[in-house]
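# no letters, just coordinates:
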């Protein structure tokens with residue numbers, strides 16, 4: 001049986017097969033017009049021919065672009081080809097649509113509205129194609145067309161969005177519906193807020209509640225942040241947040257995990273108040289989720305979520321110092337007016353602005369009843385957040401605000417007796433401030449002080465209770481008993497988890513506390529009021545004893561222990577979130593959540609530190625030191641790569657005290673950790689004082705020693721950093737400490753390290769030449785001659801030529817100085833016995849040195865010596881030397897020389 005050549009044009013007669021020549025096909029196709037060839041193969045029964053037609057559509061369109069009617073004819077044939085029964089042909093066609101659309105856009109005058117009339121209908125029709133490959137190709141094509149802005153706004157509203165809305169109808173195919181939702185979410189950022197809010201948002205909200213298909217809800221959750229960022233704050237809070245709360249409590253853990261992953265994007269689209277009162281509580285639920293995968297995603301998003309609380313006016317980069325205040329007396333109002341503009345700008349870019357006077361309200365106060373009496377409500381609203389916060393400070397800090405809080409002064413002496421301050425009871429009542437933080441509910445208007453002291457002297461509140469009872473602004477609604485019961489009911493199935501169990505205990509105590517009627521308390525006598533409060537204290541005191549890990553200091557504790565009471569108090573981030581973040585270094589978290597949870601903590605630590613501000617660094621200091629000594633080198637490596645950023649955030653004083661010891665430890669760590677420090681060595685050292693910076697001159701030599709000698713990239717990075725460090729040190733320090741390292745790198749075994757080192761030496765020559773003392777640069781050049789030019793190895797002599805070439809190219813030295821100190825030794829290498837050295841010398845003289853004006857326009861003895869050397873090289877016995885000395889090839893700089901001589905200089 002003979003081989004059949006050809007596709008369509010063959011015939012058979014008995015057993016004889018006629019095989020047409022391939023040349024016959026070529027001649028036939030050449031005789032056809034572009035449209036004729038298109039029609040011929042488009043009607044072929046062979047699938048590959050029709051695929052070939054789809055691929056060649058753009059070329060055909062370009063051939064007939066001069067004739068508008070032929071262009072329209074090609075587009076009409078595209079419409080017919082779109083009805084092909086073979087999925088591979090339709091998929092191939094769809095891959096060409098973006099290219100054809102771009103061509104139509106460029107030739108709009110000749111073929112107006114071609115894309116809208118002929119191509120766009122095919123794209124939207126294929127979105128519902130039965131074949132998965134065709135659908136995927138059309139979805140990709142649609143996104144490309146939207147990204148390139150090839151679809152008119154009118155077409156998006158009338159042709160694209162209606163189709164997507166129909167595809168997401170309840171009776172639509174499950175796979176098609178899921179893909180349509182994903183397309184709607186991805187195109188939101190491309191079509192803008194108006195179209196998204198009018199056409200996409202209502203259906204998106206419906207899809208978030210799709211009870212039948214969790215795949216749809218998962219897609220919605222995964223893209224929730226993108227939708228929020230497009231529609232803006234108002235639509236997010238009014239329409240999207242209720243849906244987000246539902247998705248975060250979805251029965252399918254994959255949906256909740258997707259919510260945790262996009263939490264930061266959602267938070268960025270909300271107001272500060274919503275972020276604190278609603279999203280914080282919601283995020284705590286995700287962190288306590290029964291699914292390990294959800295908890296893992298939540299902890300990974302915890303740092304980024306905390307960073308959304310950053311406020312330029314209170315993040316620690318800049319703030320105002322109060323008149324007459326000693327910064328040491330009140331750390332929360334400590335100021336540093338010398339903060340640089342660079343730090344100021346870095347802070348402003350991080351988060352949405354909020355009122356600078358509005359300190360961070362903590363998590364929603366689930367203890368306080370909504371039906372509080374008007375008199376108590378008015379009294380509490382009169383207190384500034386600053387006042388209530390200062391109640392946890394030493395007494396001398398609180399005395400400045402005693403006058404405005406005179407009415408509630410009695411309530412602040414609860415723990416003073418325990419602190420041994422009975423003798424100062426009268427004066428303290430005038431100094432201390434009322435703080436509702438210390439009470440379960442609004443205090444009674446009149447209280448028997450002695451009885452109160454007797455009954456409540458032993459009360460200690462857990463940190464989590466502190467978060468639940470933190471005062472919030474009067475405009476923020478409090479949680480009701482029903483909400484508390486629902487929260488406890490949702491958590492009880494997962495009571496085996498220690499975190500969940502602790503949360504249930506706190507909420508149960510809060511539920512019992514909220515059962516008292518504030519109306520009765522207000523109308524009751526003093527005796528009844530104290531009895532009810534005593535009953536609350538006795539009943540609930542036992543509940544809190546098992547979970548008193550970190551006791552929140554009250555006024556008495558603060559006065560007794562002084563400044564140490566301020567250790568973990570901050571007002572920027574809800575305390576519950578910060579506590580969860582700090583717990584990421586707990587070894588038990590690695591077993592119950594994620595083995596790399598410490599790495600995620602280290603990765604987001606600079607962002608958390610920037611959010612809290614340098615005045616709250618004490619909250620993170622222990623965590624940072626724990627991470628810096630972590631057993632996993634990946635954790636330490638992460639910190640090493642970001643220590644320079646943290647230094648900018650903390651300022652020079654905290655850096656010198658807290659970061660320098662960690663930095664020193666990283667210098668002696670594994671190479672995988674040291675490279676993080678080395679890559680930003682200049683960035684970190686420039687933040688230190690001059691004296692502290694000079695101490696590291698003695699340690700730079702240690703970077704030449706690596707665990708693996710083959711790790712040449714480490715030495716290359718060192719050379720690049722040394723170039724930057726030249727600006728930080730004096731000429732004496734450069735000559736004494738950096739020069740030996742540079743010379744060592746110039747003799748490295750790896751050429752890539754040497755190329756950077758040549759640049760380092762040339763910059764060193766430039767720096768020392770500009771120094772007041774001229775002896776340094778002269779001594780350096782003399783050592784270059786002695787060490788390299790007269791080296792017994794040819795590679796050393798070649799290094800000298802490379803260094804001279806770099807000095808000339810970068811104008812590191814005036815040509816008259818170069819001619820005196822280096823040129824004679826350079827020309828002497830014309831008689832070198834190794835051709836490689838002479839070849840490089842010929843290149844340097846012809847392509848670099850003679851291009852300088854000093855050797856072009858001025859007649860001098862040096863110019864004559866150069867010309868004589870070139871003439872000698874032109875008569876060299878080596879053909880390559882002759883070539884480069886005789887002609888002037890295209891300019892090849894040092895990088896090209898490196899490539900051309902790589903084989904001989906490795």
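On my side now, so go ahead. Predicted, not measured: the structure shown is a model, and the values here were computed from it. Numbering: from 1, shown residues only.

# can you pull the contacts of the residue lying closest to residue 821 once chain neighbours are set aside?
Excluding the flanking residues, the one nearest residue 821 by Cβ to Cβ, 6 or more residues apart in numbering is residue 781, at 4.7 Å. C-beta: built from backbone N, CA, C; applies to glycine. By Cβ atoms under 8 Å, 6 or more residues apart in numbering, residue 781 lies in contact with 765, 821, 822.

# nearest to residue 732 among the residues you listed?
Closest approach between the contacts of residue 781 and residue 732, by Cβ to Cβ: residue 765, at 15.6 Å.

# the closest one sits in which helix or strand?
helix 751-769 (DSSP states H and E).

# buried residues in that helix?
Burial within helix 751-769, assessed by neighbour count using 16 or more other Cβ atoms under 10 Å, is assigned to 751-769.

# try stretch 283-298
For stretch 283-298, the neighbour count (16+ other Cβ under 10 Å) marks 283-289, 291, 294-298 as buried.

# mind listing what's buried in stretch 159-172?
By neighbour count on 16+ other Cβ under 10 Å, the buried set for stretch 159-172 is 159, 160, 161, 163, 164, 165, 167, 168.

# need the contact list for the last one.
To tie it back to what came earlier, the one meant is residue 168. Contacts of residue 168 by Cβ under 8 Å, 6+ apart are 177, 180, 181, 184, 203, 206, 207.

# what does the fourth one give?
If a contact means Cβ under 8 Å, 6+ apart, then residue 163 has 124, 127, 128 as its contacts.

# try 6 Å this time
residue 124 (Cβ atoms under 6 Å, 6 or more residues apart in numbering).

# per-residue confidence for it?
We note a pLDDT of 92 for residue 163 in this prediction.

# am I right that it is in a helix?
Yes. Secondary structure of residue 163 (DSSP: H, G, I helix; E, B strand; the rest coil): part of a helix.

# separation between it and residue 184?
11 Å (Cβ to Cβ, to the nearest Å).

# packing partners of the lengthiest helix in the chain?
Longest helix in the chain, counting residues (DSSP state H): helix 633-654. Judged by 3 or more Cβ pairs under 6 Å, 6 or more residues apart in numbering; DSSP states H and E, helix 633-654 is in contact with helix 597-612, helix 618-628, helix 671-679, helix 681-685.

# and if we set it to 10 Å?
Secondary-structure packing of helix 633-654 (3 or more Cβ pairs under 10 Å, 6 or more residues apart in numbering; DSSP states H and E): helix 341-348, helix 597-612, helix 618-628, helix 660-667, helix 671-679, helix 681-685.

# need the ones you listed in CSV with distance to residue 59, mean neighbour count and mean pLDDT, can you?
Shown next, in CSV, are those (distance: least, Cβ to Cβ, whole Å; neighbours: other Cβ atoms under 10 Å; pLDDT from 0 to 100):
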stretch, distance to residue 59, mean neighbour count, mean pLDDT
helix 341-348, 52, 14, 39
helix 597-612, 49, 24, 94
helix 618-628, 59, 19, 94
helix 660-667, 59, 18, 94
helix 671-679, 48, 20, 95
helix 681-685, 52, 20, 95
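
# adding distance to residue 254, write the ones you listed out as CSV.
Shown next, in CSV, are those (distance: least, Cβ to Cβ, whole Å):
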stretch, distance to residue 254
helix 341-348, 37
helix 597-612, 20
helix 618-628, 30
helix 660-667, 39
helix 671-679, 34
helix 681-685, 41
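
# residue 701: which of those is closest?
Nearest of these (Cβ to Cβ): helix 660-667, 11.5 Å.

# helix or strand right after the helix or strand hosting residue 872?
With secondary structure defined by DSSP H and E, residue 872 is part of helix 861-874. Downstream of helix 861-874, the next assigned helix or strand under DSSP H and E is helix 879-886.

# who are the packing partners of that following helix?
By 3+ Cβ pairs under 10 Å, 6+ apart, helix 879-886 packs against helix 835-843, helix 861-874.

# so which elements touch the longest one?
Read that as helix 861-874. Judged by 3+ Cβ pairs under 10 Å, 6+ apart, the packing partners of helix 861-874 are helix 815-821, helix 823-828, helix 835-843, helix 853-856, helix 879-886.

# which of the ones you listed comes out lowest on mean pLDDT?
Among the helices and strands packed on helix 861-874, helix 853-856 scores lowest, at a mean of 78.

# report the buried residues of it.
By neighbour count on 16+ other Cβ under 10 Å, the buried set for helix 853-856 is 854, 855.

# next one: stretch 772-789
For stretch 772-789, burial by neighbour count (16+ other Cβ under 10 Å) applies to 776, 777, 780, 781, 784, 785, 788, 789.

# contacting residues around the fifth one?
Translated: residue 784. By Cβ atoms under 10 Å, 6 or more residues apart in numbering, the contact set of residue 784 is 739, 743, 746, 761, 765, 799-800, 803-804, 807, 821-822, 825.

# and these, which of them are buried?
Going by neighbour count (16+ other Cβ under 10 Å), the contacts of residue 784 have 739, 743, 746, 761, 765, 799-800, 803-804, 807, 821-822, 825 buried.

# thought residue 871 was touching residue 885?
Yes. Here residue 871 reaches residue 885: they are 8.2 Å apart, a contact under Cβ atoms under 10 Å.

# more neighbours: those two, which one.
residue 885 (24 against 12; other Cβ atoms under 10 Å).

# how close does that one sit to residue 829?
The gap separating residue 885 from residue 829 is 13 Å, by Cβ to Cβ.

# mind listing the shared neighbours of the two?
838, 841, 869.

# top of the residues you listed by number of neighbours, please.
residue 841 (29 neighbours).

# how far away is that residue from residue 621?
If you go by Cβ to Cβ, the gap between residue 841 and residue 621 works out to 59 Å.

# pull the contacting residues for residue 293.
Contacts of residue 293 by Cβ under 10 Å, 6+ apart are 253, 254, 256, 257, 260, 593, 594.

# which helices and strands sit right next to the helix or strand hosting residue 88?
Element membership for residue 88 (DSSP H and E) is helix 87-106. The contact analysis (3+ Cβ pairs under 10 Å, 6+ apart) places helix 87-106 against helix 47-55, helix 57-63, helix 68-81, helix 114, helix 120-126, helix 132-147.

# so which of these gets nearest residue 673?
helix 132-147 (40.5 Å).

# quick check: which ranges of the stretch 301-450 of the chain have low pLDDT?
312-450 (pLDDT under 70).

# just to revisit the earlier point, mutual contacts of residue 871 and residue 885, please.
residue 830.

# in the host helix or strand of residue 486, what counts as buried?
Element membership for residue 486 (DSSP H and E) is helix 481-491. Under the neighbour-count criterion of 16+ other Cβ under 10 Å, helix 481-491 has 484, 487, 488, 491 buried.

# give the next helix or strand downstream of the lowest-mean-pLDDT helix or strand in the chain.
Within the chain, no helix or strand scores below helix 555-561, which has a mean of 31 by mean pLDDT, DSSP states H and E. Per DSSP H and E, the first helix or strand lying C-terminal to helix 555-561 is helix 575-582.

# what's the first helix or strand after that next one?
Helices and strands here follow DSSP H and E; after helix 575-582, the next one along the chain is helix 587-592.

# check which helices and strands that following helix sits against.
helix 292-307, helix 498-513, helix 597-612.

# now the angle from the first one to helix 597-612?
Spelled out, that is helix 292-307. Computed by axes from the mean of the first three to the mean of the last three Cα atoms, to 10 degrees, the angle separating helix 292-307 from helix 597-612 equals 20 degrees.

# on that earlier part again, residue 148: which of the shared contacts of residue 885 and residue 829 is nearest?
Distances from residue 148 to these, taken by Cβ to Cβ, are shortest for residue 841, at 53.1 Å.

# isn't that closest one right next to residue 880, touching?
No. Residue 841 lies out of contact with residue 880 (Cβ under 10 Å); the separation is 11.6 Å.

# returning to that earlier point: deepest in the core, which of the helices and strands packed on helix 879-886 is it.
helix 835-843 (a mean of 24; mean count of other Cβ atoms under 10 Å).

# name the helices or strands packed onto that one?
Using 3+ Cβ pairs under 10 Å, 6+ apart as the contact test, the elements touching helix 835-843 are helix 794-809, helix 823-828, helix 861-874, helix 879-886, helix 894-900, helix 902-905.
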